[in-house]
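1. What follows is a protein structure lacking sequence information:
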């Protein structure tokens with residue numbers, strides 16, 4: 001394969017994290033001090049479910065699928081390549097070319113300069129993608145009827161998608177979080193997408209021009225709230241702030257936008273990848289950190305309200321009729337499309353906003369029924385019923401008569417590229 005073509009493949013895998021580089025931190029010192037070929041490469045988690053290869057990288061990705069596959073999945077141990085095997089991959093001309101184009105784009109990113117530590121972190125990710133491509137191309141993916149994943153913007157999973165496409169093996173994608181209104185989600189580089197519901201299907205069809213007939217509605221396997229009774233809210237219980245794994249400066253701004261007098265007791269529900277020590281240092285006085293229980297369990301126990309910042313659990317909160325509000329740090333669109341209507345999920349920009357919402361929620365003044373109805377419009381099926389829908393999709397997902405990629409948002413000129421800051425840079429062409 002020509003070096004220029006392979007460099008484009010590497011960049012195709014890397015464009016989503018490059019687009020979101022403002023969320024990255026530098027590498028840990030013990031890793032940054034190592035030569036590239038010495039840096040850790042931990043393969044994703046691989047398993048076989050019947051005739052499908054299932055690949056996940058994170059707790060939330062695994063949760064999105066485990067209700068269907070857990071009882072039957074057979075673990076597939078994958079060994080990381082040795083240092084001797086890694087060096088030729090990392091020394092390839094294509095890797096060097098992709099790195100140059102990526103760093104050139106970073107150096108010209110508008111706004112605040114990108115630190116050397118963040119650039120190094122992205123280069124390290126590029127190395128991992130090169131190794132992942134080599135790994136997956138070396139696997140006989142045709143031994144499987146298809147590949148099942150729950151993310152489409154992870155660079156390692158994108159390397160798997162490339163290898164599957166090259167071997168003509170269909171890829172089925174079931175999102176591990178609600179559809180977000182950002183460039184990362186303007187992309188369906190798979191043959192089958194098992195979306196959460198009607199709202200997501202309409203969003204992708206309109207945004208990407210994919211015929212609705214090619215989009216499937218599976219639901220949300222990770223939750224089981226739609227068949228559960230709406231919990232009684234406990235006005236005196238702590239409200240919840242649900243977080244995603246953002247850098248410390250962003251977490252600090254979130255706390256500053258919410259914490260204030262008169263808010264009442266509060267608990268922070270971290271993301272599985274949150275830095276707990278960092279959160280403890282930043283936690284407002286009197287607040288508690290609830291890393292001991294899943295956020296959905298806190299909701300089911302009667303939490304009076306939930307604030308969130310880019311947390312997918314906002315859908316479960318709304319589906320349970322728990323008053324839900326979105327912390328806004330700027331005027332950018334909210335992360336999740338189903339929360340775009342501020343009449344349903346009000347915006348929290350200041351401590352006064354937070355206090356006022358908390359008071360209304362504790363007094364029972366929020367229309368819980370309307371909140372649940374809105375959530376169901378975006379996802380009407382979850383739990384076992386969603387697992388059964390996914391099972392049916394896997395049985396018929398043979399790739400016949402379908403494109404390998406429903407919509408390639410990160411290809412040159414694609415929908416995601418056009419919305420990203422990388423459009424027009426060497427990383428995008």
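-> Arrived safely, thanks for sending. For clarity, every value in this text was computed on a predicted model and none was experimentally measured. Numbers count the residues shown, from 1 in each chain.

2. State the mean pLDDT of stretch 64-76.
-> The average of the pLDDT scores along stretch 64-76 is 94.

3. Quote the end-to-end distance of that stretch.
-> The straight-line separation of the ends of stretch 64-76 (C-alpha to C-alpha, to the nearest Å) is 19 Å.

4. buried sites along it?
-> 64-69, 73 (16 or more other C-beta atoms under 10 Å). (C-beta placed from N, C-alpha, C; glycine too.)

5. that's a strand at residue 9, yeah?
-> No: counting by DSSP: H, G, I helix; E, B strand; the rest coil, residue 9 falls outside a strand, being helix.

6. Might one say that it is in contact with residue 165?
-> No: using C-beta atoms under 8 Å, residue 9 makes no contact with residue 165, being 10.2 Å away.

7. taking the buried residues of stretch 64-76 one by one, which sit in helices?
-> Counted as lying in helices by DSSP state H, out of the buried residues of stretch 64-76, are 64-69.

8. Tell me how many other residues surround residue 373.
-> Applying other C-beta atoms under 10 Å, we find 14 residues neighbouring residue 373.

9. Does it lie in a helix or a strand, and which?
-> Using DSSP states H and E, residue 373 maps to helix 368-378.

10. Grab the longest helix from this structure for me.
-> The chain, longest helix under DSSP H: helix 116-137.

11. ok now do residue 414, which residues does it touch?
-> Residue 414 is in contact with 186-187, 407-408, counting by C-beta atoms under 8 Å, 6 or more residues apart in numbering.

12. got it, and residue 15?
-> Residue 15 makes contact with 410, 416-417, 420, 422, 427-428, according to C-beta under 8 Å, 6+ apart.

13. Could you report the pLDDT at it?
-> Looking at residue 15, its pLDDT reads 97.

14. After the helix or strand hosting it, heading C-terminal, what element do we hit next?
-> Assigned by DSSP H and E, residue 15 belongs to helix 3-19. Using DSSP H and E, the helix or strand that follows helix 3-19 towards the C-terminus is helix 29-32.

15. Which strands or helices does that following helix pack on?
-> helix 116-137 (3 or more C-beta pairs under 8 Å, 6 or more residues apart in numbering; DSSP states H and E).

16. wouldn't residue 307 be in contact with residue 240 here?
-> Yes: if you go by C-beta under 8 Å, residue 307 and residue 240 touch, sitting 7.0 Å apart.

17. sorry, back to before: could you list which of the contacts of residue 15 belong to helices?
-> Per DSSP H, helices hold the following members of the contacts of residue 15: 416-417.

18. List buried residues within the contacts of residue 15.
-> Looks like the contacts of residue 15 have 410, 416-417, 420, 422, 427-428 buried, using 16+ other C-beta under 10 Å.

19. Mind putting these into a markdown table with distance to residue 290 and pLDDT?
-> Shown next, in a markdown table, are the buried ones among the contacts of residue 15 (distance: C-beta to C-beta, whole Å; pLDDT from 0 to 100):
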| residue | distance to residue 290 | pLDDT |
| --- | --- | --- |
| 410 | 36 | 97 |
| 416 | 35 | 96 |
| 417 | 39 | 96 |
| 420 | 35 | 95 |
| 422 | 37 | 95 |
| 427 | 40 | 95 |
| 428 | 41 | 93 |
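
20. What's the local residue count around residue 27?
-> Residue 27 - counted by other C-beta under 10 Å - has 19 other residues nearby.
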